[in-house]
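> Structure for the following, please:
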Amino acid sequence: MPEPPWLDDREARAWRAMIGVMQQLTAALERQLVQDAGLSGADYTLLVPLSEAPGGVLRARDLGRMVGWERSRISHQITRMQKRGLVAREECSEDARGSMVQLTDAGRAAIVEAAPAHVAAVRRYFLDVLTDAELDLIGPALERVLDRLPDNGDDRARGERP
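Just a heads-up that it's a prediction; the model follows:
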């Protein structure tokens, strides 16, 4: 395989800024969640889709796919959250090998408490520093990048699938 062309100054600047934003924004949002709500970023990542699901219930494998996590990571995180009373795990009535994850009342209360401060932090650290025109550019641009990324262990990019 031929060696790819090295990044030029403009490309390197954009790439390094992207890495910095991913690392530092994630860390800032994690600190805010722990400080204001006692939730980890992983807790919040799972509570959001569960809180939006009909009845607050999702199949564990579907929840994992929604957040882009491997089976072992989703299983371990659900176990941690179950011990804290944020979720309950039940057998899947359709498939004994699968499990359902149910948002508990405590889990719903936790996301309701955490969401306002989290949204404020997202605005403060990300949205408020961008103009409307920049948001109109960055949203579609980042969606194109997401479409090119491999999907949960699949080496092929999503945009290149048959």
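
> Going by C-alpha atoms from here, please, whenever you check contacts or count neighbours.
Will do.

> the strands in this protein, which residues?
Read by DSSP state E, the chain holds these strands, from start to end of the chain: 57-59, 87-91, 99-103.

> These: which one's closest to Val145?
Comparing the strands of the chain by their distance to Val145 (C-alpha to C-alpha), the top pick is strand 57-59, with 27.1 Å.

> roughly how far apart are Leu146 and Pro140?
10 Å (C-alpha to C-alpha, to the nearest Å).

> number of nearby residues for Asp86?
Slight slip there: residue 86 is Leu, not Asp. As a burial measure, the neighbour count of Leu86 was computed by other C-alpha atoms under 10 Å and equals 22.

> That one and Ile111 touch, don't they?
No: with contact defined as C-alpha atoms under 8 Å, Leu86 does not reach Ile111; the gap is 9.5 Å.

> buried set for stretch 56-63?
For stretch 56-63, a neighbour-count test (16 or more other C-alpha atoms under 10 Å) marks Gly56, Val57, Leu58, Arg59, Ala60, Arg61, Leu63 as buried.

> One more: stretch 35-49?
Judged by neighbour count using 16+ other C-alpha under 10 Å, the buried positions of stretch 35-49 are Ala37, Leu39, Gly41, Asp43, Tyr44, Leu46, Leu47, Val48, Pro49.

> now, among those residues, which is nearest to Gly98?
Distance to Gly98, by C-alpha to C-alpha, is smallest for Leu46 among those, at 17.4 Å.

> wait, what's in contact with the nearest residue to Ala110 once chain neighbours are set aside?
Taking C-alpha to C-alpha, 6 or more residues apart in numbering as the measure, Ala110 lies nearest to Ala37, with 7.1 Å between them; neighbours along the chain are not counted. Contact analysis of Ala37 by C-alpha atoms under 8 Å, 6 or more residues apart in numbering lists Ala110, Glu113, Ala114.

> want to throw the strands of the chain into CSV with distance to Ala121 and mean pLDDT?
Shown next, in CSV, are those (distance: least, C-alpha to C-alpha, whole Å; pLDDT from 0 to 100):
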stretch, distance to Ala121, mean pLDDT
strand 57-59, 27, 94
strand 87-91, 25, 91
strand 99-103, 24, 94
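
> Alright, that wraps it up for me.
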